[in-house]
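Participant: 3D model of this:
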Amino acid sequence: LITHHCCLILNAQASDIKIIPLILKYGLAWRKCLICREIDRVFTILDLVKTNLVSFQVTTRVAGVSLALTLSIMAGNSAAHDDKDKAISNEGSDITEFSIEQLLDIEVFTSSRFPQRASEAGSRVTVIDAEAIRKFGYRTLSDILNSIPGLYTTYDRNYTYLGARGFGIPGDYNTRFLMLLDGKRVNDNIYDSFGIDYDGIVNVDLIERVEFSAGPGSAVYGANAFFGVINVITRNGDGVDGVQVSADYGSENSRRARVTAGNTFDNGIDALISASAFKSDGADLYFAEFDDPSTNNGVAVGLDYHEAQNVLLKLKYQDWGLSVAYNERTKGIPTASYEQEFNTPPSETIDTVALATLTYEPVINKNSQIFSSLLLGQYKYDGDYSYDYPPLTVNRDESRGGWVNAEVRYLTTRFERQEITVGAEY
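Facilitator: Numbers count the residues shown, from 1 in each chain. This next block holds a predicted model:
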């Protein structure tokens, strides 16, 4: 069952076989993989249970020994629509402790733009919840996405880029993915980009879960949703229930701090407010291409610095919701990209993103609901690049963008085994 790719796979191909799995527990078997020596823990199969599933795959990866579950469902008699109201909300739950039946009942939103059971979703949806983020020590959205099979990231000492199954090159600015914050678009209107490192729109500690719907989703979401849709769902005030303060310190003089307050009040208002900051001096880096006495023997000193600030405000009262998110990030460029002068400051980029969203989502009856929202977005980019023409000159690049997004959708499940959505988006 163990391959050199550290994958545990069980498949049944015959259509008349209804088998599988699988209840997984941690720590029951230990084995060292010859390739991925950092992986110590191997999962064992405890029980085989009859089900309509014909494929179950568990994949472990080196980075923090992350876990992903992939479920494939064969056509057959389905009871999903008979008890669709029993979908399990994974908010505040540890989904790594769920049984297979419970995993199929997890409520997801991203695939079809309305809450539904994972077994009913039109595409494969990977869910990584807050408990998994905490256990594996993920510090950025990039760390989280790297744990999902089929996704990978690259880093050029300035931006982090996301790719899918070998597609996606540095410099693409993640334009072929759609990024959502609580179901609302984040991609800016200048480069169609979004940040996944410390330029991410929210602090990772405020994430309730991340849903990734793999494959093209343009029919539902429009542009950008080609490789997949990423939906970052943030915590509510009742999930904080008080005040949280955190701080940490690491190598390269890296420090991070966060203050969060949240609560649900007696009048029904749910409120959350959070502010965080990150700062790192970075490393002095050696580049063989510039190994010459005139360029400090190829060592870039003090140019790998990194700073970021985040603010998140969420208010919810009955069917109304208000969300404000802000991120400003400054990153030094030690690589002398675009034929700059090596080891010559200033060489940096500053990216700022701000989003404000107002939502109104009334439930008409048990079969019908309206989803409506108004979003205002702003993106600002500044880049300083040093060139010796001569004289030594600092070139300033600037981009400014603003956009408005409005939508209204009516969802009905009045007809058996059918979900009908009618709406408009601008």
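Participant: for the stretch 1-150 of the chain, which spans come out with low pLDDT?
Facilitator: Applying pLDDT under 70 to the stretch 1-150 of the chain flags residues 1-96, 98, 100-101, 103-104, 119, 121-123.
Participant: How about the stretch 301-426 of the chain?
Facilitator: Within the stretch 301-426 of the chain, no stretch has pLDDT under 70.
Participant: Glu407 is in contact with Val422, correct?
Facilitator: No - using CB atoms under 8 Å, Val422 makes no contact with Glu407, being 11.9 Å away. (Glycine included, C-beta is placed from N, CA and C.)
Participant: Between these two, point out the one with more neighbours.
Facilitator: Counted by other CB atoms under 10 Å, Val422 and Glu407 do not tie: Glu407 has more neighbours, with 17 against 9.
Participant: Dihedrals phi and psi, that one?
Facilitator: Backbone torsions of Glu407, given as degrees, to the nearest 10, read phi -150, psi 150.
Participant: How much space separates it from Leu141?
Facilitator: Look at Glu407 and Leu141: by CB to CB, to the nearest Å, they are 24 Å apart.
Participant: you'd agree Tyr381 is in a strand?
Facilitator: Yes - under the criterion used here (DSSP: H, G, I helix; E, B strand; the rest coil), Tyr381 sits inside a strand.
Participant: if I read this right, it contacts Ile190, doesn't it?
Facilitator: Yes - Tyr381 lies in contact with Ile190 (CB under 8 Å); the separation is 7.1 Å.
Participant: shared neighbours, the two?
Facilitator: 399-400 (CB atoms under 8 Å, 6 or more residues apart in numbering).
Participant: the more surrounded of these two?
Facilitator: Neighbours were counted for Tyr381 and for Ile190 using other CB under 10 Å; Tyr381 has more, 18 against 15.
Participant: name the element the spatially closest residue to that one that is not a sequence neighbour belongs to?
Facilitator: Spatially, and ignoring its direct neighbours in sequence, Tyr381 is nearest to Ser399 (4.1 Å; CB to CB, 6 or more residues apart in numbering). Element membership of Ser399 [criterion: DSSP states H and E] is strand 392-412.
Participant: Summarise which helices and strands whichever helix or strand comes after that strand is packed against.
Facilitator: Following strand 392-412 in sequence order, the next helix or strand is strand 420-425 (DSSP H and E). If contacts are counted by 3 or more CB pairs under 8 Å, 6 or more residues apart in numbering; DSSP states H and E, strand 420-425 sits against strand 392-412.
Participant: Please identify the buried residues of the strand it packs on?
Facilitator: Residues of strand 392-412 classed as buried by neighbour count (16 or more other CB atoms under 10 Å): 405, 407, 409, 411.
Participant: Stretch 289-306 now?
Facilitator: By neighbour count on 16+ other CB under 10 Å, the buried set for stretch 289-306 is 290, 295-296, 298, 300, 303-306.
Participant: Among those, which one lies nearest to Asp205?
Facilitator: Distance to Asp205, by CB to CB, is smallest for His306 among the buried residues of stretch 289-306, at 17.8 Å.
Participant: Off-centre distance for stretch 194-213?
Facilitator: 5 Å (CA atoms, centre = their mean, to the nearest Å).
Participant: Let me see the mean pLDDT of it.
Facilitator: With pLDDT averaged residue by residue, stretch 194-213 scores 95.
Participant: I'd assumed Pro346 was in contact with Trp383.
Facilitator: Actually, residue 383 is Gly rather than Trp. No - assessed by CB under 8 Å, Gly383 is found out of contact with Pro346, at 9.8 Å.
Participant: With neighbour numbers in mind, choose between the two.
Facilitator: Comparing Gly383 with Pro346 by neighbour count (other CB under 10 Å), the higher total belongs to Gly383, at 18 against 13.
Participant: Pull the contacting residues for the more buried one.
Facilitator: So Gly383 contacts 348-350, 396-398 (CB under 8 Å, 6+ apart).
Participant: For beta bridges, what are the partners of it?
Facilitator: Note on Gly383: beta-bridge partners by DSSP bridges are Thr349, Asp397.
Participant: Tell me the spacing between it and Thr349.
Facilitator: 5 Å.
Participant: how many neighbours does Pro345 have?
Facilitator: Count around Pro345 with other CB under 10 Å applied: 16.
Participant: Check the one 5 residues further on too.
Facilitator: Taking other CB under 10 Å as the criterion, the count of residues near Ile350 is 16.
Participant: does it really touch Arg396, like I thought?
Facilitator: No - the pair Ile350 / Arg396 is not scored as a contact, 10.5 Å apart, by CB under 8 Å.
Participant: shared neighbours, the two?
Facilitator: Listed as contacting both Ile350 and Arg396 by CB under 8 Å, 6+ apart are 382-383.
Participant: A helix includes Asp172, no?
Facilitator: No - according to three-state DSSP, the state of Asp172 is coil, so it is not within a helix.
Participant: ok now do it, which residues does it touch?
Facilitator: Here Asp172 is in contact with Tyr161 (criterion: CB under 8 Å, 6+ apart).
Participant: what's the answer for Asp241, then?
Facilitator: Asp241 makes contact with 262-264, according to CB under 8 Å, 6+ apart.
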